[in-house]
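1. I'll drop the sequence and a predicted model, then ask my questions.
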Amino acid sequence: MCYGQTGAGKTHTMTGATEKYEYRGIIPRAIQQIFKEVEEQADLALTVYVSFVEIYNETLYDLLATMSDSSTPDTQMIIVEDSHGVRIKGLSIHMVSTEEDALNYLFEGETNRIIASHTMNKNSSRSHCIFTIYVETRWRQTEEVKYLTSKLNLVDLAGSERLGKTGTEGQVMREAMYINKSLSFLEQTIIALGDAKRGHIPFRQSKLTHALKDSIGGTCNTILVANIYGEAAQIEETLSTLRFASRMKCIPAEPVANIYTDPVKLIHKLQNDIQVLQDELAMYNILGNRRQVSYETLTANQIRDIKAQICRYLEGTVDEINITNIRQLRETFAQFKIILLQQEEEIEAMLRKKYILIDKVNRETSLTADVMGLLNSEESQVGELMGEGFGIGLAPTSAKAKKSKVKKGKDIAGSTKKDRPPVSGKDAEMLHQPKDSAHEVSPKPAASKVIMGSTIDSVRSESILKMEDTRPTTPPGKSEIFDMFKAEKGSEINRILIENKRILIEKRTNMKDLTDRINNVKEEIDITNRSLNIKKRERHVQGEYKNEHDEPVVDEDEFNLIIQLKDLKRQYRSDFNTLRDLRVEVQYCQKLVDQCRLRLLTEFEIWYNESFLTSDDTQQVPQGDSIRRGLVPFSRMTALEEDDKEKFQRLQQEILMECPESVSFYRARMKLQQRQNYTRAMNQPQPITIHKKPGMITPSIKNKPPSSLQCR
């Protein structure tokens, strides 16, 4: 952190100058040192993130919000504290993999800072800026669940100002007041931290002290750079800066490592530990001559067996229940609870049939009973009269149910699923009939394969040859010549495109038919399930018959429904797998169609540039690489001077010979200049073009006489 008077060189110390590599500041040097350390740590996986925040007039601003990869450009930022320490909610944090990327974010944030001019500093920073580097360290061992987080805050404080010396007014004076106020709160916080008897530290007095709570609170290493003037006229501010530095030295520093646990890796580790313990328990059972005991979650059949044992135990058939593990014990108690609740519901239902149950504590239920006593006929009332609700009087004779409108599609197809009667017996066998062969998806013939292959150049037609040889002065329109190109030069690509389109349409039609078929099968499954449930309920009511293996005996109709349901489910799974494969084929065919269309347009652009835009002299110039001349713009082919990319490559080679470590610095600087040039060009006002109407004559007088004559 740099602290000092305005104009003492704090920003130059932290950031330096971007014009020359030798004049870089602490932040670029720290970035370079961090990435050198990252490259040397082979046994660790280090991930680096950066953020850049500005505190201007006690308001937080994200200096990297202008970057294209910033996810929250307009989010209001607040300072919060959680288990990971102090963080700024809404601040964009960017992952960087190279030194060049980090410097790119630093230079971009520096251009967004707010500066002003006064008598003591031409480019005075009007805000506090915090450039933060986050380093996440993970061990490369897959079984390690802990990781280490580190944070480096590089703070460029705004300088303290005396209004009498700077002579600021208006907005600049208001900014100076906010700066001096926040620096006073920072000094109060430093004094409180140095006093061991103080119980409360005023971190929340300002945004600056709150954001730096975990950086100056004594749990990390803090380095202060005191910037002072070397002039006698500034002796008071120099002494004030040195006093602040001496107070900062009184804070006891006890750094603490920030070690956290990765929840995803922890879950995997616990799962592996559980599996190992289960294997050891199984080995213990084998060595102890115990019978095979399952420690997995109980299946539906096991739960059914436990319920049957409980029923026999309650009936008195057996004297004890066989329990081998804790899961069976828990399930036994759960089944006892379910049976108890069912018996309570049955007893309550029997009582409600014979009596009207009234809750004497509830006054509304008592009033309902009085109303029910005054009414004679229960059938002529609307509402429940069995103690669960209340009567609401007689329904008028004009209240009739309105007939609901039914769509034509439902009238043709028959009743809906809810209106269909339950299917049983031989009628259920008629449901699963083979569909018409027209609705089934027929297998694809071998001739309908997707055409793949390279473009075969066809023989040029006489019209195209004549047009290319004559080379008109004005090139023809692309829309006019495109049809001729598809018929002659690009006929092979056009034929492949048309064939792929036909195959794509055919597969989409098959997919639609298969989808309708799956929906019909699903509807039949639902109907069969309802019929089977009705049969099961009838069997439970009438009483179940069991064979010698203690299995329930079903009648012929229920057995047919079970067989039919299995067949329908098998058909549904088969059709669904076919539909999934067909969807993949449709996506692949669509991709081929897009590639063929793009290839056709690319070949047309190349042919058009070679035939009508590139001159004969340019075509005769030898070219070293294998790039076709139609791919290169005509203006670039005829240009003799080097462009920006070639200039940068030449400059990079020259710098590499002198100092290889400065390549990232200059690359980031050039990217910054490119962004600035692009922004400047986009912000320029567009020229206004006045289109004159035909036939209109604009009067113009070259020698206009003076409006008035002066006599001497």
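-> Right, received. Where do you want to start?
2. Determine the three-state secondary structure at the spatially closest residue to residue 257 that is not a sequence neighbour.
-> Leaving aside its sequence neighbours, residue 257 sits nearest to residue 148 (C-beta to C-beta, 6 or more residues apart in numbering; 6.3 Å). Placement of C-beta: from N, CA and C, glycine included. Assigned by DSSP: H, G, I helix; E, B strand; the rest coil, the conformation of residue 148 is strand.
3. Please report the distance of residue 148 from residue 135.
-> 8 Å (C-beta to C-beta, to the nearest Å).
4. related to what we said a few turns ago, count of residues packed around the residue nearest to residue 257?
-> Neighbour count of residue 148, defined by other C-beta atoms under 10 Å: 15.
5. all numbers from here: first residue = 52
-> All right, first residue 52 from here; so that's residue 199.
6. shouldn't it be in contact with residue 313?
-> No: in this structure, residue 199 is not within contact of residue 313 by C-beta atoms under 8 Å, at 11.3 Å.
7. ok, residue 559 - contacts?
-> residue 637 (C-beta atoms under 8 Å, 6 or more residues apart in numbering).
8. these two touch, right, residue 718 and residue 151?
-> Yes: using C-beta under 8 Å, residue 718 is in contact with residue 151, at 5.0 Å.
9. Quick check: neighbours shared by residue 199 and residue 313?
-> residue 189.
10. Please enumerate the strands of this structure.
-> Secondary structure of the chain (DSSP state E): strands at 53-55, 95-107, 110-113, 129-133, 136-140, 145-147, 166-169, 172-176, 179-190, 197-207, 276-278, 309-312.
11. Can you list the buried residues in the longest one?
-> Pointing back at strand 95-107 there. By neighbour count on 16 or more other C-beta atoms under 10 Å, the buried set for strand 95-107 is 97, 99, 101-107.
12. just the last one next, same as before
-> Along strand 309-312, the positions that meet the burial threshold by neighbour count (16+ other C-beta under 10 Å) are residue 309.
13. what's it in contact with?
-> 135-136, 196-202.
14. run the last query once more with 6 Å
-> Strand 309-312 has contacts (C-beta atoms under 6 Å, 6 or more residues apart in numbering) with 196-197, 199-200.
15. Strand partners (parallel or antiparallel) of it?
-> Strand 309-312 has its sheet partners listed here by DSSP bridges as strand 197-207 (antiparallel).
16. can the buried residues of strand 95-107 go into TSV with extra columns for pLDDT and distance to residue 323?
-> Shown next, in TSV, are the buried residues of strand 95-107 (pLDDT from 0 to 100; distance: C-beta to C-beta, whole Å):
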residue	pLDDT	distance to residue 323
97	89	26
99	93	31
101	94	36
102	93	36
103	92	41
104	92	41
105	91	47
106	90	47
107	88	51
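17. What count of nearby residues applies to the nearest residue to residue 365 once chain neighbours are set aside?
-> Nearest residue to residue 365, sequence neighbours excluded (C-beta to C-beta, 6+ apart): residue 390, at 7.3 Å. When neighbours are counted by other C-beta under 10 Å, residue 390 registers 14.
18. what's the pLDDT at residue 390?
-> Residue 390 is assigned a pLDDT of 91 by the prediction.
19. And for residue 432?
-> We have a pLDDT of 44 for residue 432.
20. which of the contacts of strand 309-312 tops the neighbour count?
-> Using other C-beta under 10 Å as the neighbour criterion, residue 196 leads these with 19 neighbours.
21. Low-confidence ranges, the stretch 202-351 of the chain, go.
-> Within the stretch 202-351 of the chain, the stretches with pLDDT under 70 are 341-346.
22. Could you pull out the helices in it for me?
-> Using DSSP state H, counting those that start in this stretch, the helices found in the stretch 202-351 of the chain span residues 214-217, 222-245, 258-262, 264-267, 286-300, 314-338, 351-366.
23. Keeping just the C-alphas, turn the first one into PDB.
-> Translated: helix 214-217. What follows is helix 214-217 as a C-alpha-only set of coordinates in PDB (Å, rounded to 0.1, in the frame of the first residue of the first chain):
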ATOM      1  CA  LEU A 214      -7.000  23.000   0.000                       C
ATOM      2  CA  GLY A 215      -4.900  26.100   0.700                       C
ATOM      3  CA  LYS A 216      -1.900  24.600  -1.300                       C
ATOM      4  CA  THR A 217      -3.800  22.900  -4.100                       C
END
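24. Where does the prediction get shaky in the chain?
-> Applying pLDDT under 70 to the chain picks out residues 119-125, 170, 193, 341-346, 407-524, 665-694, 699, 703-704, 706-708, 735-763.
25. From residue 597, how far off is residue 372?
-> Using C-beta to C-beta, we find residue 372 at a distance of 19 Å from residue 597.
26. In terms of packing, which of those two has more residues around it?
-> Taking neighbours as other C-beta under 10 Å, residue 372 and residue 597 compare with residue 372 leading, 14 against 9.
27. Just to check, the more buried one is in contact with residue 359?
-> No: counting by C-beta atoms under 6 Å, residue 372 sits too far from residue 359 to count as a contact (10.4 Å).
28. Quick check: closest non-adjacent residue to residue 299.
-> Distance criterion C-beta to C-beta, 6+ apart; nearest residue to residue 299, sequence neighbours excluded, is residue 275 at 4.9 Å.
29. Now do the phi/psi pair for the one you found.
-> phi -110, psi 130 (degrees, to the nearest 10).
30. Show me where the stretch 602-751 of the chain has its helices.
-> Counting by DSSP H, counting those that start in this stretch, the stretch 602-751 of the chain has helices at residues 607-659, 667-671, 685-689, 695-709, 714-734.
31. how far away is residue 383 from residue 371?
-> According to C-beta to C-beta, residue 383 stands 11 Å off from residue 371.
32. no, scratch that, I was asking about residue 282
-> Applying C-beta to C-beta, the value for residue 282 to residue 371 is 100 Å.
33. any chance of the buried residues of strand 95-107 in TSV, with distance to residue 229 too?
-> Formatted as TSV, those follow (distance: C-beta to C-beta, whole Å):
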residue	distance to residue 229
97	38
99	32
101	26
102	22
103	20
104	16
105	13
106	9
107	8
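34. just those now: which is nearest residue 578?
-> residue 102 (60.6 Å; C-beta to C-beta).
35. dump the residue contacts of that closest one.
-> If you count contacts by C-beta under 6 Å, 6+ apart, residue 102 has them with 142, 144, 183.
36. just residue 303 next, same as before
-> residue 269.
37. for it, phi and psi?
-> phi -70, psi 130.
38. How much space separates it from residue 268?
-> Per C-beta to C-beta, residue 303 is found 10 Å from residue 268.
39. Next: residue 258.
-> Using C-beta to C-beta, residue 258 is found at 16 Å from residue 268.
40. Who has more neighbours out of the two?
-> More crowded of residue 258 and residue 268, by other C-beta under 10 Å: residue 258, with 22 against 18.
41. I figured that one hits residue 106, correct?
-> Yes: here residue 258 lies in contact with residue 106, judged by C-beta under 6 Å, at a distance of 5.1 Å.
42. And for residue 644, the neighbour number?
-> The burial count for residue 644: 19, using other C-beta under 10 Å.
43. residues contacting it?
-> Contacts of residue 644 were listed using C-beta under 6 Å, 6+ apart, and they are 551-552, 555.
44. One more: residue 83?
-> residue 150.
45. From residue 715, how far out is it?
-> 8 Å.
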